[in-house]
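J.: predicted model, plus sequence, below.
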Amino acid sequence: MKITIMPDEQKFDITAAWRIIAQIMQKPDSVIGLSTGQTTGGMHRIVSDIYKEYPFDVSKVTFFNVDELTNLEREYSGSCYTMIYDQLVKHLGISEDNFIMPPTLSDDFDREALIFEEKLASRGGADLQMLGIGMNGHIGINQPGTPFESETWVSPMDPDFEARVRRETNVPDSLELGGLTRGIKNIMHTRKIVLVAKGAHKAKIIGQALLGPVTTDIPASIIQLHPNCEVLMDAEAAAYVKHMVPDLEDIS
Ligand SMILES: N[C@@H]1[C@@H](O)[C@H](O)[C@@H](COP(=O)(O)O)O[C@@H]1O
């Protein structure tokens with residue numbers, strides 16, 4: 001595992017943005033998984049800005065998001081589709097065909113999960129996953145306790161995250177929200193994972209995920225077993241890891 005620590009948020013965002021751009025330049029028909037949230041918005045906007053200034057070939061790249069909320073209109077500002085579209089996809093002029101997302105509304109999400117996976121497989125599978133981490137160690141929407149063999153499914157949501165979504169979108173409590181997420185097994189089958197974390201509030205959980213045991217109690221801990229994984233943090237998020245491993249350079 002490669003560990004990269006950037007001194008501040010701006011350098012973190014730029015470095016993460018370049019992980020996406022470099023992937024496209026090295027393999028123009030890459031299939032790239034993104035994550036929504038506070039951590040990733042900045043990097044998406046930087047990719048868009050760089051593209052505007054110095055356009056590169058994005059005609060063959062496919063983007064998808066690791067998860068999507070269910071039972072919301074796709075046009076809600078909080079849906080993953082809308083966030084990724086507004087932050088990145090529309091600025092790069094990615095065609096509808098090359099932006100693969102499960103629907104937010106369906107009467108059969110098991111079938112939608114299969115269709116989503118089949119579409120990714122038909123493009124050769126995911127090359128890169130830019131992966132966030134939740135405060136309880138979740139990846140995608142896979143909560144603590146999710147089996148490592150889980151495959152793309154509708155997961156219950158972390159209560160804090162669900163409360164945030166409801167606040168931001170005014171979804172009434174009567175409407176059951178869920179999260180369609182790539183399973184941990186699917187995420188682990190991605191050729192390269194870049195786990196991103198920024199801010200002091202992520203320091204403890206990222207430390208537990210990287211230095212503690214590999215356990216379903218902390219879903220992100222599974223990335224310790226991925227053969228091609230980088231953890232990219234800002235200095236604040238890295239504080240606990242640095243405290244535990246002062247001469248940290250590279251954890252393998
Ligand atoms: N479904 C998303 C995840 O994909 C994301 O990784 C996580 C972290 O979000 P943030 O960066 O806002 O902390 O939030 C949500 O749960």
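T.: Nice, thanks for sending it over. The structure displayed is predicted, hence computed values, not measured ones.
J.: alpha carbons only for contacts and neighbour counts from here, please
T.: OK.
J.: what strand or helix carries the residue in the stretch 151-252 of the chain positioned nearest to the ligand?
T.: Closest residue of the stretch 151-252 of the chain to the ligand, Cα to the nearest ligand atom: residue 161 (6.2 Å). Assigned by DSSP states H and E, residue 161 falls within helix 159-169.
J.: in its sheet, what does the helix or strand harbouring residue 232 sit against?
T.: When elements are assigned from DSSP H and E, residue 232 belongs to strand 229-234. According to DSSP bridges, strand 229-234 forms sheet pairs with strand 2-6 (parallel), strand 192-197 (parallel).
J.: pLDDT below threshold where in the stretch 151-252 of the chain?
T.: The model of the stretch 151-252 of the chain has pLDDT under 70 over residues 249-252.
J.: could I get the full set of strands for it?
T.: 153-155, 178-181, 192-197, 229-234 (DSSP state E, counting those that start in this stretch).
J.: for the shortest one, name the packing helices and strands.
T.: Read it as strand 153-155. Where contact means 3 or more Cα pairs under 8 Å, 6 or more residues apart in numbering; DSSP states H and E, strand 153-155 is packed against helix 109-122, strand 178-181.
J.: lowest average confidence across the ones you listed, which one?
T.: Mean pLDDT per stretch puts strand 178-181 lowest among the helices and strands packed on strand 153-155, at a mean of 94.
J.: flag every residue of this structure that's near the ligand.
T.: 35-39, 131-134, 139-141 (Cα under 6 Å from any ligand atom).
J.: switch the cut-off to 5 Å
T.: 35, 37-39, 132-134, 140-141 (Cα under 5 Å from any ligand atom).
J.: before we move on, the earlier item: now render the strands of the stretch 151-252 of the chain as CSV, adding mean neighbour count.
T.: Putting the strands of the stretch 151-252 of the chain into CSV (neighbours: other Cα atoms under 10 Å) gives the following:
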stretch, mean neighbour count
strand 153-155, 22
strand 178-181, 23
strand 192-197, 23
strand 229-234, 24
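J.: want to throw these into CSV with distance to residue 54?
T.: What follows is the strands of the stretch 151-252 of the chain, written out as CSV (distance: least, Cα to Cα, whole Å):
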stretch, distance to residue 54
strand 153-155, 38
strand 178-181, 33
strand 192-197, 24
strand 229-234, 25
